[in-house]
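> can't give you the sequence, but here's the structure:
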């Protein structure tokens, strides 16, 4: 587990860089395939996400009139970079995080939401109506799910008394699984991740039947490819985070594989089970139910920690 | 009032064989009464031209080489055909009918869709009219 | 963008390539935030000159041209046309042919309503319902293919009867298919009336009152969902509807959910009447002779298409070609209801409201030239072509 790789190799190939991109594409494929099977379809073949990306990279990038050119080109790069940076603090593939410092949880969550911020900016940058509506919706949705998602991740962090992802990961394995100790937090985390990734039924910001492709309508070619890879990698990171926090930590690659795939199965089932929520319904659901649920959970955790020394049973779970 | 009322469906679907197929690699059987390529029989045709007259998409052309000897040639534009079977209904001598075997009609050029029916020497005559005399090659669109 | 005209409003213009319906139509929604404050539609992108085209084709050829007015409800167009021509020629169609016509029409209604169910679910972002309802729709598509030989434009009708017959094997296949579909449809009824997330997108959305429906002239399931008790199959039976009647299905709510309920209940009716037709198919001839030259006269022919009342006006001048054919499709009657109900809803509801009437864009696109004064011009093909080029410039 504690392989000694040179930092450059770590950054460029494994676990960062190329392997991370590849894993993003693989998880996108698995996700699409699962949704297809839930809908009784065959689904794409294994190379489809890769083929899509190669096609997009090979295409001309059309820069529409009326955009700030620099912003238009740099936003996808910033988005992908922030996601790849976030991966360094997360126990990808069940290995130890490449970098780690106390409180890196907050930085990681911040880097993950940078993606949505970039998409929102990218939409607001163009003059296209679909993009503008999509950008508004994307940012609205970000404000509604960001807090519950962070709170959901804070639950185990507070319970274990550390905000370091690596430490939480290893400590989670030694404790009762947090999915049992904090079920509401787990639900909020999974739904929050789906909201972050704009997966159905939370895909109002890119509802294809209403606003074409939402904020990314004007993107083609390289920019779109980067955004797509970024979102795929974000999916892997998000699944890794939830698995390491709530499913008893990721001790080795095998652990990583089956836990994230189970999570992916659950999210794919949720994706195919519901009709798309309107943006007002999404926001309402989050603030009325999601955040209150997580807050109560958090309150229970804090109270639990305060009285834990008094009752020996609680100290194991939080 | 339920949430996720299609849960049973998606679990079922997950364990069932997909309903969609990998078409060009896996083919399905066509039904018995499928309307496919039109076939014309020169032996029984009376040359009345009703099929040509009734065809809604002008997919049929009838060349009369020798009316007395009943020598006709049919040019069938498969790419124009809408497979409505009106020619089959209109034909009094049952010389033209639809078959059910040929239905995968895709090609990068139009030539495979120009099908000539008739006796071999007649078709040759229609295709190369120069060396022979001058048979009437105007498409027989008017009834006699 | 439309914003240039009215700078104070944020106008979302959708189309001509509509993202949701894959059909050409142009809409402009003025929005405040997400709320739509006004809606306009512009149609006519798939005008094909069909009515003019009929004037240079024979009565027989026109049967197949009219069948192609709509891709989804093709058989009812052919049926309306054929019934009109038969009425003009004063020809009586044998009862077996009439029963088979009704059978094909009802099978087509099943395929059309299931198609709509899937499309409407897709508009609401419920792709699982979309995929599964279309999977089940394959059953009826395969039946139609097995019976008529074609999957889409069945061409089952000829002037004076039908081309195809129903034998034992086909009857058994139809009955089996109906049993399967009925079971599935009852399940979908449960999904669309009980699933919380889906109801959030359909209940109290796009509500049209009975008064509005009558004023806007809504027809078909759209009107019936608002309580308009009008169905050509019941009010003016054609084909074999006299002997194999259907019950009219209405609802009072008038919202999108009611339109789902009405269409699904109509599916139940179709299953029932198809079983009756198959069990009690009258024996006899399939066709009757019809002259090539239709005697002079005018006639109106109406049928109930899956989307509502389909209206044909035929005028003959005694030759083998019609003098004038006028088609009024049900989608055209229902457009007003969209624009009337859209205001006040959210932008996200627009695709659902639009899909709620089951619109068929190419059905609509007919040209009307309003005559001013004593203008006696008759447009030629060339005039029409030039007008079309100018229109789309």
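In hand now; what should we look at? Keep in mind the model is a prediction, meaning the values are calculated, not measured.
> Who does residue B:96 form a beta bridge with?
Assessed by DSSP bridges, residue B:96 has beta-bridge partners residue B:40.
> mind checking pLDDT for it?
The score at residue B:96 is 89. That number is its pLDDT.
> Next: residue C:20.
In this model, residue C:20 carries a pLDDT of 71.
> isn't it right up against residue A:211?
No: judged on CB atoms under 8 Å, residue C:20 makes no contact with residue A:211 at a distance of 9.9 Å. For every residue, glycine as well, the C-beta is placed using N, CA and C.
> So the two - more neighbours on which side?
residue A:211 (31 against 21; other CB atoms under 10 Å in any protein chain shown).
> Now residue C:233: which helix or strand?
Mapping residue C:233 onto the secondary structure by DSSP states H and E places it in helix C:232-235.
> Which secondary structure elements does that helix sit against?
Contacts defined by 3 or more CB pairs under 8 Å, 6 or more residues apart in numbering or on different chains; DSSP states H and E place helix C:232-235 against strand C:297-305.
> Describe which strands the strand it packs on pairs with in its sheet and in which direction.
When pairs are called by DSSP bridges, strand C:297-305 turns out to pair with strand C:308-316 (antiparallel).
> Any buried residues in the partner strand, and which?
C:308-314, C:316 (16 or more other CB atoms under 10 Å in any protein chain shown).
> Please report phi then psi for whichever residue of the stretch 51-200 of chain C sits closest to chain A.
In the stretch 51-200 of chain C, the residue that lies nearest chain A is residue C:125 (2.3 Å; CB to the nearest CB). Phi and psi for residue C:125, reported as degrees, to the nearest 10, are phi 70, psi 20.
> Do I have it right that it meets residue A:202?
No: applying CB under 8 Å, one finds residue C:125 not in contact with residue A:202, separated by 9.8 Å.
> residues from chain A in reach of chain B?
Within reach of chain B by CB under 8 Å from any CB of the partner chain, chain A has these residues: A:36-43, A:269, A:272-274.
> Can you pick out the ones from those that are in helices?
A:36-38, A:269, A:272-273 (DSSP state H).
> out of these, which is most surrounded?
Most crowded among those, counting by other CB under 10 Å, is residue A:272 at 28 neighbours.
> residues contacting it?
Applying CB atoms under 8 Å, 6 or more residues apart in numbering or on different chains to residue A:272 gives the contacts A:35, A:38-39, A:200, B:6, B:10, C:127-128.
> May I see these organised as a markdown table, with distance to residue C:121 and pLDDT added?
Shown next, in a markdown table, are the contacts of residue A:272 (distance: CB to CB, whole Å; pLDDT from 0 to 100):
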| residue | distance to residue C:121 | pLDDT |
| --- | --- | --- |
| A:35 | 15 | 90 |
| A:38 | 15 | 89 |
| A:39 | 11 | 88 |
| A:200 | 12 | 81 |
| B:6 | 10 | 77 |
| B:10 | 14 | 80 |
| C:127 | 7 | 86 |
| C:128 | 8 | 87 |
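> Would you mind naming the helix or strand containing the nearest residue to residue C:158 once chain neighbours are set aside?
Nearest residue to residue C:158, sequence neighbours excluded (CB to CB, 6 or more residues apart in numbering or on different chains): residue B:89, at 5.4 Å. Element membership of residue B:89 [criterion: DSSP H and E] is helix B:86-90.
> hmm, who's touching that helix?
B:38, B:50-51, B:53-56, B:60, B:96-98, C:60, C:63-64, C:155, C:158, C:163, C:287.
> so is residue B:48 in a helix, a strand, or just coil?
Under DSSP: H, G, I helix; E, B strand; the rest coil, residue B:48 falls in the coil class.
> Is it in contact with residue B:96, as I believe?
No: using CB under 8 Å, residue B:48 makes no contact with residue B:96, being 11.0 Å away.
> Looking at those two, which is more packed in?
Taking neighbours as other CB under 10 Å, residue B:48 and residue B:96 compare with residue B:96 leading, 24 against 17.
> That one and residue B:41 touch, don't they?
Yes: shown here, residue B:96 and residue B:41 form a contact pair, counting by CB under 8 Å, at 7.3 Å.
> so what's the residue of the stretch 151-300 of chain A found nearest chain B up against?
Closest to chain B within the stretch 151-300 of chain A is residue A:273: 4.4 Å, counting by CB to the nearest CB. Residues in contact with residue A:273 (CB under 8 Å, 6+ apart) are B:4, B:6-7, B:10, C:128.
> redo that, cut-off 6 Å
Shown in contact with residue A:273 (CB atoms under 6 Å, 6 or more residues apart in numbering or on different chains): residue B:4.
> What of residue A:114?
By CB under 6 Å, 6+ apart, the contact list for residue A:114 reads residue A:82.
> In what element of secondary structure is it found?
Residue A:114 is part of helix A:104-125, with elements assigned from DSSP H and E.
> The helix or strand following that helix near chain C anywhere?
The C-terminal neighbour of helix A:104-125 among helices and strands, as given by DSSP H and E, is helix A:129-160. Yes: counting by CB under 6 Å from any CB of the partner chain, chain C has neighbours in helix A:129-160: residue A:129.
> Flag every buried residue along helix A:129-160.
A:129-142, A:144-160.
> Wondering if stretch B:12-31 reaches chain A at all.
Yes: Stretch B:12-31 comes into contact with chain A (CB under 6 Å from any CB), by way of B:13-14, B:18-20.
> How about residues contacting that stretch?
A:37-38, A:40-42, B:100, B:103, C:135, C:145-146.
> Which members of those residues are the farthest-apart pair?
Pairwise distances across the contacts of stretch B:12-31 peak at 36.1 Å for A:38 and B:100 (criterion: CB to CB).
> helices or strands up against the lowest-mean-pLDDT helix or strand in chain B?
Lowest on mean pLDDT, DSSP states H and E among the helices and strands of chain B sits helix B:120-127, with a mean of 79. In terms of contacts (3 or more CB pairs under 6 Å, 6 or more residues apart in numbering or on different chains; DSSP states H and E), helix B:120-127 is packed against strand B:71-77.
> Now find how far off-centre the strand it packs on is within its chain.
Averaging C-alpha positions (CA atoms, centre = their mean, to the nearest Å) puts strand B:71-77 12 Å from its chain's average.
> With stretch C:305-325 instead?
Relative to its parent chain, stretch C:305-325 has a centroid offset of 16 Å by CA atoms, centre = their mean.
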